[in-house]
Each structure stands twice: as structure tokens, then as C-alpha cells.
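A.B. asks: My questions concern the predicted model and sequence given below.
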Amino acid sequence: MQIYMVGGAVRDKLLGRPVNDHDWVVVGATPEQMLELGYLPVGRDFPVFLHPETREEYALARTERKSGRGYRGFVVESSPDVTLEEDLSRRDLTINAIATSAYGISAGGTFDPYSGIQDLQARVLRHVTDAFREDPVRILRVARFAARFTDFTVAPETMQLMREMVQHGEADHLVAERVWQELARGLIEEQPSRMFEVLRECGALQVLLPEVERLWGVPQRAEYHPEVDTGVHLMMVLDMAARLHAPLTVRFACLTHDLGKGTTAADMLPRHIGHEQRSAKLLQGLCERLRVPTDCRELADVVAREHGNIHRSGELGAAALVRLMERCDAIRKPARFDEVLLACECDARGRLGFEEAAYPQRQRLAAVLAAVQSVATRDIAALAAARGVSGPKVGELIHQARAGAVAQWLQESAAH
């Protein structure tokens, strides 16, 4: 039995990056031997075990044989006869197909049969073997790694292989859960725009996210969007979200906030009247298709519908500001509203020449929300009940009181 550290842990150690998880491969062992040593079985599709003390994953060396289309179309074979080189050959990229002895890189014993170290030095994302084409998830993984390793490029032969996979329909068989998993992980990388650039270049974005693909080449009013192209603007918004360390919910909202612009009638361009509601409708279909989590879905819906109103909120009076708060459900979910405002700031600053600009709407609307929250709604409801007032009329009284509180805040802020 021989144990090797493999995959991302080796890659990141060689790059001098933090290592959070270790992956181990065991050569020359059987499941029975692992059980005798106290390892706990957890793998459903192939033999994977948890170390009895560290709880890190140890997988028996294995090979894979294509048996069908898509992510699940594989037959996995594991036996003590499978070599380390055979196990590494099934991995996606050369930089992930490096192994070291269980004692670590410093102890020597680095095993690099596919020149992964050379590709690390050259900053290249290159597939290991032609078996890459058998798993369409690898297209998403390459795109995600491009977003993480921002100074790496995709090898021309790997990009061509990805194009062929898309053309042959492999991307059509990706399951929703895996698409969302890889998309979410790519969105929170250092430069998420690179993920979408790679997906566009190989043709996968049109298959997986046609609503997003449609945004490239759609013109916008230059006075609002100096970069003019909607797709270019979208990539700048995503990278601004990364720069501001926004959470996944905000980054997904940034990705989908302008979907409706891709369906603007040609005779209306470069104006996009009513795109907010079209964006919300397209978002709904996208979320259902990819089974997007509820928190991401709900935040993105608010941002899609209201980002224009939030940008223009400095022009709104007290009653309109309260209605904006109510539509955003800000009174009941203030933490989510703060994320809505962050997404809108990313949108405003994701434009040429506005990257360093202030976004006063965020601070201003936070203060408006505080004024709205200062209204004692229980007291108003109790007083209304004492006077025999009930139903929608109580809601009207509360709305009026909130508008009054905001009007007072507007007056005081103007005075200062």
C-alpha cells in the first residue's frame, strides 16, 4: 500500500497558495484492507474512505471508462493493480495531476507524469489526456479555474477540445445541480468575468446560460454606460462585486440584473424601457432550470426589478421612498436590503470611468430605512383598534406615519 497527496493540495502548495483541504490516493490496496485499518467508507460510486483520525478523504486508485453521455455516464474500476499514473490520467488538468509522497513536497518524491509543474510555471490550463472530453463538467471547471488563476491562459488545444465537446452536444447533458455548483464556485473567485469569457469562447455559455449570452453586442445608451456593450458592462459589474468582496447572493444578482436587455426590441435600442420586469421574468426561468437556492433567487429578483429605482432614489419623495422600501421588503428583511444596495453599487461602479466613484444611494437609503423602522407600528395599530379602525386602513395609517418619518429625515438632512 502506498499513499500519495494529489490534486489541488499539491498544486496550491507549489503555487505558494493556502491549502485548505488535502486529497489522498491509495495505490495497491483493497477496500477490505482499508476497513481493517479503521478507515470509514463514504464513497457511493467508487471506494472513498475517511481517515480514522483526521477525517480526510482517501480514495483508492481507480480508472474510469465512458459508458454513456453526460456527467454520470462512467464505469469506475478500482483494484490494487491500478497504478498512480493511471489514476492521474483521468484527472482534468495537468496542474491537478501531480502527486507527492504522503510526507509532502519537502520530502521529495514528486510524481508528475503529465508535466503539470511545467504548466504551473508557464501559467497554462491544459487537459491531461483526450479522456477530458468524456466529462462535460470539466468545461465548467476549466472556466472556474480561469477565474481563480487570473494570470493563467487556456491552452489552445484544450479550448479546441472544449469547443468540440459543445458542438457534439456533451454540454446539453449536464445536470442542473452540477452546473449551479460550478457556476456558484466560479462567481466567488477572484475575477469571475474570466469564467464567462472562457464559456463564451468555447460556446458553452449559449447552451448553459443563453439569457446571459444574449447580452453581448446589445448596445446601451452611452451617457449611462460608457462601455456601450451590455455584456462588457456585465463583466465589469461582476468583477466589481469581487473587488468589493460581495457574497454569492450579491454576485448572482449582479450576473442576472440586466437579463431583460437581451430581449429589447431592435427599434427601441439603445434604450431599454421596461427591461427590469423582463429581467425578473427571465430570471425566474433560469432559476427554475438550474435549481438556484432560494436566497440567491429572491435577492436577484429584487435587484432585477428595482435597481433602476434605487439608482434614481435621490429624485424620490418621502412616499415614493417608503413604497420602494415596501417593494424590496426592506422593513422585514433589512440584512437582505443591504445586499440589494451592495449589488446596485456594483452595477453603478461597473462602468468605464466610474470604478472609483462614490455611490451615495447606499448610505442614503440605509438612513431612509432607519427612519422607516423608527415608526412604532404597534402603537399605531393599537390606537387604530381603539378607534374601531381595522383592515387595510390600519396599513394606510402605518404607511402615512412612515412617510412622515422619512419626510422629516429628508428635511433634516437637507438642512445639514
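C.D. replies: It's in. Residues are numbered from 1 along each chain as shown.
A.B. asks: From Glu223, how far off is the residue lying closest to Pro219 once chain neighbours are set aside?
C.D. replies: Once flanking residues are discounted, Pro219 sits nearest to Pro270: 4.3 Å by Cβ to Cβ, 6 or more residues apart in numbering. C-beta coordinates here come from the backbone N, C-alpha and C atoms, glycine included. Remark: distance between Pro270 and Glu223 (Cβ to Cβ, to the nearest Å) = 10 Å.
A.B. asks: One more: Pro113?
C.D. replies: For Pro113 relative to Glu223 (Cβ to Cβ), the value is 57 Å.
A.B. asks: what's the weakest-modelled helix or strand in this structure?
C.D. replies: In the chain, no helix or strand scores lower on mean pLDDT, DSSP states H and E than strand 74-78, which sits at a mean of 67.
A.B. asks: Now do the strands in the chain.
C.D. replies: Here the chain has its strands, by DSSP state E, at 2-6, 23-27, 40-41, 48-50, 57-60, 62-66, 74-78, 99-101, 124-125, 153-154.
A.B. asks: For these, which has the smallest mean pLDDT value?
C.D. replies: The minimum mean pLDDT among these belongs to strand 74-78 (a mean of 67).
A.B. asks: which sections of this protein are below the confidence cut-off?
C.D. replies: 45, 65-76, 103-108 (pLDDT under 70).
A.B. asks: mind giving me the domain split of it?
C.D. replies: 1-127, 209-373, 374-416 (automatic domain parsing).
A.B. asks: Off-centre distance for the shortest one?
C.D. replies: So the one you mean is domain 374-416. For domain 374-416, the gap between its own C-alpha mean and the chain's C-alpha mean amounts to 40 Å (Cα atoms, centre = their mean, to the nearest Å).
A.B. asks: Check the separation of the first and last residues in it.
C.D. replies: Using Cα to Cα, to the nearest Å, the end-to-end distance of domain 374-416 comes to 20 Å.
A.B. asks: Please apply the same query to stretch 285-303.
C.D. replies: 16 Å.
A.B. asks: How about stretch 141-157?
C.D. replies: End to end - Cα to Cα - stretch 141-157 spans 16 Å.
A.B. asks: And that stretch, what's buried?
C.D. replies: Using 16 or more other Cβ atoms under 10 Å as the test for burial, stretch 141-157 gives 141-149, 152-155.
A.B. asks: now swap in stretch 25-40 and tell me
C.D. replies: 25-29, 34, 39.
A.B. asks: now do stretch 260-278
C.D. replies: 260-264, 270, 272, 275-276, 278.
A.B. asks: just stretch 117-128 next, same as before
C.D. replies: Buried residues in stretch 117-128 (16+ other Cβ under 10 Å): 117, 119-120, 124-128.
A.B. asks: Could you point out which of these is nearest to Tyr58?
C.D. replies: Nearest to Tyr58 among the buried residues of stretch 117-128 is Val128, at 21.5 Å by Cβ to Cβ.
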